[in-house]
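1. please work out how this folds:
(one chain, ligands or ions: 1)
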Amino acid sequence: MSYVDEVYSMVVEKNPAQPEFHQAVKEVLESLRVVIEANEEAYRKDALLERLVTPERQLLFRVPWVDDKGQVQVNNGFRVQFNSAIGPYKGGLRLHPSVNLGIIKFLGFEQIFKNSLTGLPIGGGKGGSDFDPKGKSDREVMAFCQSFITELYKYIGADTDVPAGDIGTGAREIGYMFGQYKRIRGLYEGVLTGKGLSYGGSLARTEATGYGLLYLVEEMLKCNGKDIAGKTVAISGAGNVAIYATQKAQQLGAKVVTCSDSTGWIYDPEGIDVALLKEVKEVKRARLTEYAAARKSAEYHEGKGVWSVKCDIALPCATQNELNLEDAKILVANGCFAVAEGANMPTTMEATEYLQKNGILFCPGKASNAGGVATSALEMSQNSERLSWTFEEVDSKLKGIMVNIFHNLDEAAKKYGMEGNYVAGANIAGFLKVAEAMTAQGIV
Ligand code: NDP
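-> Okay, the predicted model is just below:
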């Protein structure tokens, strides 16, 4: 059996009931096959792949808190510190009822390569809880966040592990967590990113993932002789990534006609009204039915359906495995020519293969949504030098990073004979830097 297949079998055997983690490892190892096989003896002797797929540290902890009725609730807390070869662990905290260890491990594993691709000195990690902030009062969210950090504070710090936001963890949650960390440690340091502007946050961090996605898409289209202006775009999700992806796509002259949340989706042939979407989701924290109620041109549909709309470009920005083979077939049949992932692993493996086989330009999330973590690393730099950069300064660095990421993965794909396969290019470019650092640092 080849080294890649051996390691994948080991991952499945040692990590039972973690399908998302298996999927992420399989996708990465498959595209690294040529690189590994070219250097198999050395990698095998150093157990490089075994070390790469095994987190350096996994923290599982109890998070007790008291609800508004005086009842004690208990959630599970997670932090997986996956790989610190190129810098302190860096990755978000997901608060969603679906969170379990396998999901955090898949996200942490992906984060290693994404962070490497940014060119910045950040290792890979991820965390979160099965706590659901939806429908909770601010006081309940604060009680949860304080309890969560009361355990996690022992393992994080500006030079060791710097968590950030993700699904369910926005500015409110980061604020409560930062306050509790500062109180316990007595330290004012950049231990979390995604902070508010009044206490160490970076301008453009809120917009970064969505804007970065569009900067990369713009470059990918340009290098393939196409232009984003005048194109119709389908976007899923209605959260942080989706909102700012919609805004930047519109600034670049495209028309975004869809958005979605966990209960339904909107088709708005006149183009999504971003100000209204922000009002419904960021201010009122309401359902998309409220968007439809306030806008004549919008149709609301229950359930899933964004990918059935005719579009040129599709940007999945909600959650994992939300674009499957059936969706991919509809997109191709409808003439879509580019798909770039705003969310983490939103496209199933079968759908990815189908899109690639049908000549669709396909960019994986670890490259196309790396603008968020890249700007988080810029927030860390600003905190370290105790300075704040202007919006334009951060935005222009973000754009430079995204353009650079695209060229790195494009060149890696070409170098290994897989021109146009940006999935392989991203995995290879991300892997090589981490592998070199791990090898240089010995068996740790
Ligand atoms: P948000 O919580 O702000 O928004 C998530 C959106 O997706 C919401 O509209 C939510 O619906 C919808 N959604 C969540 N889970 C499901 C589900 N199971 N089925 C259908 N819809 C769902 O999260 P973000 O926008 O921050 O994150 C979106 C994706 O992007 C995630 O995969 C995240 O890991 C990834 N990402 C985020 C980064 C960031 O900087 N924020 C950086 C890089 C990646 P509802 O409104 O009903 O909750």
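
2. any idea how far the ligand is from residue 352?
-> Noted for residue 352: a distance of 15 Å to the ligand, by C-beta to the nearest ligand atom, to the nearest Å. Every C-beta, even on glycine, is put in place using the N, C-alpha and C of the backbone.

3. show me what the strand or helix carrying that residue is in contact with.
-> For residue 352, the host element (DSSP states H and E) is helix 349-357. Residues from elsewhere that reach helix 349-357 (C-beta atoms under 8 Å, 6 or more residues apart in numbering): 23, 26-27, 323-325, 327-329, 331-332, 339, 347, 362, 364, 421, 423.

4. quick one: buried ones out of those residues?
-> Buried by 16 or more other C-beta atoms under 10 Å: 23, 27, 323-325, 327-328, 331-332, 339, 347, 362, 364, 421, 423, out of these.

5. please identify which pair of those residues lies farthest apart.
-> The span of the buried ones among the contacts of helix 349-357, defined through C-beta to C-beta, is set by 23 and 332 at 21.9 Å.

6. state the distance from the closest residue to the ligand within the stretch 51-200 of the chain to residue 191.
-> Proximity of the stretch 51-200 of the chain to the ligand (C-beta to the nearest ligand atom) peaks at residue 167, 3.9 Å away. For residue 167, the distance to residue 191 equals 21 Å [C-beta to C-beta, to the nearest Å].

7. which residues of the stretch 301-444 of the chain lie near the ligand?
-> Counting by C-beta under 6 Å from any ligand atom, the positions of the stretch 301-444 of the chain adjacent to the ligand are 317-319, 342-344, 369, 372.

8. now a PyMOL select for only the buried ones of those residues.
-> Selection of the buried residues among those in PyMOL, burial being defined by 16+ other C-beta under 10 Å:
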select buried, resi 317+318+319+342+343+344+369+372
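
9. with respect to residue 163, which of the residues of the stretch 301-444 of the chain next to the ligand is nearest?
-> Proximity of these to residue 163, judged by C-beta to C-beta, is greatest for residue 372, which lies at 12.8 Å.

10. and the biggest strand by length in the chain, C-alpha only, in PDB?
-> Scanning the chain for the strand with the most residues, using DSSP state E, yields strand 72-83. Output in PDB follows, covering the C-alpha atoms of strand 72-83 (Å, rounded to 0.1, in the frame of the first residue of the first chain):
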ATOM      1  CA  VAL A  72     -27.600  25.500  35.000                       C
ATOM      2  CA  GLN A  73     -26.700  24.400  31.400                       C
ATOM      3  CA  VAL A  74     -23.700  22.400  30.300                       C
ATOM      4  CA  ASN A  75     -22.000  22.500  26.900                       C
ATOM      5  CA  ASN A  76     -18.900  20.800  25.500                       C
ATOM      6  CA  GLY A  77     -15.900  23.100  24.800                       C
ATOM      7  CA  PHE A  78     -13.200  22.200  22.200                       C
ATOM      8  CA  ARG A  79      -9.800  23.600  21.100                       C
ATOM      9  CA  VAL A  80      -7.600  21.600  18.800                       C
ATOM     10  CA  GLN A  81      -4.100  22.900  18.500                       C
ATOM     11  CA  PHE A  82      -3.200  21.200  15.300                       C
ATOM     12  CA  ASN A  83       0.200  22.400  14.100                       C
END
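
11. and the very next helix or strand once past that strand, what does it pack against?
-> Sequence order places strand 89-95 as the next helix or strand after strand 72-83, per DSSP H and E. The contact analysis (3 or more C-beta pairs under 8 Å, 6 or more residues apart in numbering; DSSP states H and E) places strand 89-95 against strand 72-83, helix 101-117, strand 123-129, strand 161-164, helix 171-185, helix 371-385.
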